[in-house]
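*Asks:* Could you look at this predicted model? Sequence included:
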Amino acid sequence: KWWERDAGPNMKDIHSTQEFLSALSEAGDKLVIVEFYGTWCASCRAIFPRTADEHPDIVFLKVNFDENKSLCKSLNVKVLPHFHFYRGADGLLESFSCSLAKFQKVKEAIELHNTARCSIGSPEGSTGPKEK
């Protein structure tokens, strides 16, 4: 079964709401990408797993829609495959459905959200206030 293939140490199957919440909590400040899929979904199969190996620093969670309908409904997941991007205290960063033809959208979201985090502002070339 394609959805049971091992996709690496940074991808985890989620089987309950509690497991989902625990996985988000354990990820700390790492970027977490959740893929909601259906075993019957051709697009889900086509894009599984396309990016986990390329991004070992990201936590990937797989949620089977049919096994977790109440969780999916509470998260407003209606079209598969569906992706959520989370990070620590920032919570949900982005949410969208995506087919293989539009997989670039996932790559762009990874590029946007998987940046180094720094609390002191941008390095050289900062456009902060200038002294007079």
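*Replies:* Right, received. Where do you want to start? Numbering: from 1, shown residues only.
*Asks:* Spell out for me which residue occupies the centre of this protein.
*Replies:* Note on the chain: the residue nearest the mean C-alpha position is Ile33, at 1.1 Å, using Cα atoms, centre = their mean.
*Asks:* Spatially nearest residue to it, not counting backbone neighbours?
*Replies:* Nearest non-adjacent residue to Ile33, counting by Cβ to Cβ, 6 or more residues apart in numbering: Phe60, 5.3 Å away. C-beta coordinates here come from the backbone N, C-alpha and C atoms, glycine included.
*Asks:* Just to check, the residue nearest to the centre of the chain is in contact with His82?
*Replies:* No. Using Cβ atoms under 8 Å as the test, Ile33 is too far from His82 to be in contact (11.2 Å).
*Asks:* Any stretches of the protein with poor pLDDT?
*Replies:* Applying pLDDT under 70 to the chain flags residues 1-7, 48-51, 100-101, 116-132.
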